[in-house]
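> Following is a predicted model, sequence given first.
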Amino acid sequence: MQIYKVGGAVRDRLLGIPVTDIDRVVVGATTEEMLAQGFRPVGADFPVFLHPKTGEEYALARTERKSGRGYGGFTFHASPDVTLEEDLIRRDLTINAMAEDDQQNLTDPYHGQRDLEARILRHVSPAFAEDPLRVLRVARFAARYAELGFTVALETLALMRQLSESGELQALTAERSWKEISRALMENRPQVFIEVLRACGALKELMPEIDALFGVPQPEAHHPEIDTGAHTLSVLAQAARHKQPLTVRWACLLHDLGKGLTPQEEWPRHIAHEFKGLKLIKAVNERFKAPRDCQELALLVGEYHTHGHRALELKPSTLLELLQSFDIYRRPQRFEEFIAACEMDARGREGLEQRSYPQADYLRGAANAARGVAVQPLLEKGFKGPELGEAIKRERLKALKAYKESAST
């Protein structure tokens, strides 16, 4: 029995960056031998075991054979006869197909170290094209390591294009797709994820609503970058630069989908794109079964982001409607995330990345003014039921009028 560290643990150590997950492969062992040593089995599809003391995962060396469509369409074979090289060749990228023993002796049959040094993301074997999930994984790795200068090998991009055109991407489950998408969005360069998916034709298959934004112009006075797709990527880049949470990044990605529906004869204006985009945002949310907080914020940002930009001009009654829509009294964090998404949208314009966004503090002040209305005095006056609701609304409107007047002086 021989035990090796494999995959990311080896890759990141060689890159000199922190190792977070350690995967181990066991060569020359049987399931019975693992159980005899106290390992606990956890893998339903293939033999994976938990160490009896550390709880870390150990997988028996295995080979795989394509037996159906999609990510799950594989038959696995694990036995003491499977070599380390046979186990490594089934992996996606050469930089993930290296192993080392406890003395850090490297096993690198597919030249992963060479590709690490050349900053290339390259597939290990033609079997790469058998697994559609790898399209998303490679795009995610491209986003993760873009800051280090990594790019996707042309021949790997060609295989990704082949997978995109095969229809296999449609076999991916929402859960597996969302796992890769959400992880990619939380990388330092999430816009690279979208760029790589677009370069290989996968964006058109997985998120046609976003793909449709590229080539759609916007008024140059407001958007020096002009192209709506380029703007979306810039907004996403700003969200990453400002360390925004996943909810905000997802909303930034989807906020302008309505502009993809504007007839060409109306370009570069996009009248009512906020409302038109809601059905598209809802469709993308449902396609990937995004978490509820991501879905809700994306829809709210899509509908109201231009309200955020015009916050200083809004009438007190419109401002109150905006605050009510976000349920700022019970969900204050969601309104903060809306403000963040609006600010990222404003900064995601060519040459305006450092521009101040006074609307943010103004909106926070308005929310505080509305929250400051005390309910107890109204109860003491005898208001109750619907009448109480109307009285609270009148008092909040009065508070917002006073806030607007004080802010403008």
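Perfect, I can see it now. Numbers count the residues shown, from 1 in each chain.

> How is the chain divided into domains?
1-110, 372-408 (automatic domain parsing).

> okay if I get these as CSV plus mean pLDDT and distance to residue 182?
C-betas here are computed from N, CA, C, even on glycine. As requested, the domains of the chain are arranged in CSV below (pLDDT from 0 to 100; distance: least, C-beta to C-beta, whole Å):
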stretch, mean pLDDT, distance to residue 182
domain 1-110, 88, 16
domain 372-408, 93, 36
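
> Could you provide those domains in CSV, with additional columns for mean neighbour count and distance to residue 280?
Shown next, in CSV, are the domains of the chain (neighbours: other C-beta atoms under 10 Å; distance: least, C-beta to C-beta, whole Å):
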stretch, mean neighbour count, distance to residue 280
domain 1-110, 16, 25
domain 372-408, 14, 32
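
> can I get those domains in JSON lines with distance to residue 307?
Formatted as JSON lines, those follow (distance: least, C-beta to C-beta, whole Å):
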{"stretch": "domain 1-110", "distance to residue 307": "40"}
{"stretch": "domain 372-408", "distance to residue 307": "14"}
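
> right, and the ones you listed - which one's nearest residue 130?
domain 1-110 (4.4 Å; C-beta to C-beta).

> Nearest residue to residue 62 in space, please, no chain neighbours.
Ranked by C-beta to C-beta, 6 or more residues apart in numbering and with sequence neighbours excluded, the top spatial neighbour of residue 62 is residue 78, at 4.0 Å.

> what's the host helix or strand of residue 366 packed up against?
Taking DSSP states H and E as the criterion, the element that holds residue 366 is helix 359-371. For helix 359-371, the packing partners by 3 or more C-beta pairs under 8 Å, 6 or more residues apart in numbering; DSSP states H and E come out as helix 292-309, helix 316-325, helix 332-347, helix 385-408.

> Any chance of those helices in a markdown table with distance to residue 214 as columns?
Below are the helices and strands packed on helix 359-371 laid out as a markdown table (distance: least, C-beta to C-beta, whole Å):
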| stretch | distance to residue 214 |
| --- | --- |
| helix 292-309 | 18 |
| helix 316-325 | 30 |
| helix 332-347 | 17 |
| helix 385-408 | 39 |
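
> for the residue nearest to residue 62, phi and psi?
phi -120, psi 130 (degrees, to the nearest 10).

> got it, and the one 4 residues further on?
Comment: the main-chain dihedrals of residue 82 come out as phi -70, psi 130, following degrees, to the nearest 10.

> out of everything not next to it in sequence, what's closest to it?
Residue 82 sits nearest to residue 61 (C-beta to C-beta, 6+ apart), 4.2 Å away.

> I'd like to know how far the one you found sits from residue 106.
17 Å (C-beta to C-beta, to the nearest Å).

> Just give the nearest non-adjacent residue to residue 199, would you?
residue 157 (6.3 Å).

> element containing the one you found, please.
Secondary structure (DSSP H and E) places residue 157 in helix 154-166.

> So which elements touch that helix?
helix 133-145, helix 190-199, helix 202-206.

> could the ones you listed be laid out in JSON lines, adding mean neighbour count?
Formatted as JSON lines, the helices and strands packed on helix 154-166 follow (neighbours: other C-beta atoms under 10 Å):
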{"stretch": "helix 133-145", "mean neighbour count": "24"}
{"stretch": "helix 190-199", "mean neighbour count": "23"}
{"stretch": "helix 202-206", "mean neighbour count": "22"}
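
> could those helices be laid out in JSON lines, adding mean pLDDT and distance to residue 50?
Below are the helices and strands packed on helix 154-166 laid out as JSON lines (pLDDT from 0 to 100; distance: least, C-beta to C-beta, whole Å):
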{"stretch": "helix 133-145", "mean pLDDT": "97", "distance to residue 50": "24"}
{"stretch": "helix 190-199", "mean pLDDT": "98", "distance to residue 50": "32"}
{"stretch": "helix 202-206", "mean pLDDT": "98", "distance to residue 50": "34"}
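
> For residue 354, grab the count of nearby residues.
6 (other C-beta atoms under 10 Å).

> Just the local confidence number for it, please.
We have a pLDDT of 94 for residue 354.

> quick one: pLDDT of the nearest residue to residue 334 once chain neighbours are set aside?
Among residues not flanking residue 334 along the chain, residue 326 sits closest, at 5.7 Å (C-beta to C-beta, 6+ apart). Residue 326 carries a pLDDT value of 95.

> Find out how far the helix or strand hosting residue 5 is from the centre of the chain, if you would.
Taking DSSP H and E as the definition, one finds residue 5 inside strand 2-6. Centroid displacement of strand 2-6 relative to its chain, using C-alpha atoms, centre = their mean, to the nearest Å, is 31 Å.

> sorry, back to before: which ones are touching the residue nearest to residue 334?
Applying C-beta atoms under 8 Å, 6 or more residues apart in numbering, we find residue 326 in contact with 300, 334, 335, 338.

> picking that back up, tell me the spacing between the residue nearest to residue 82 and residue 165.
33 Å.
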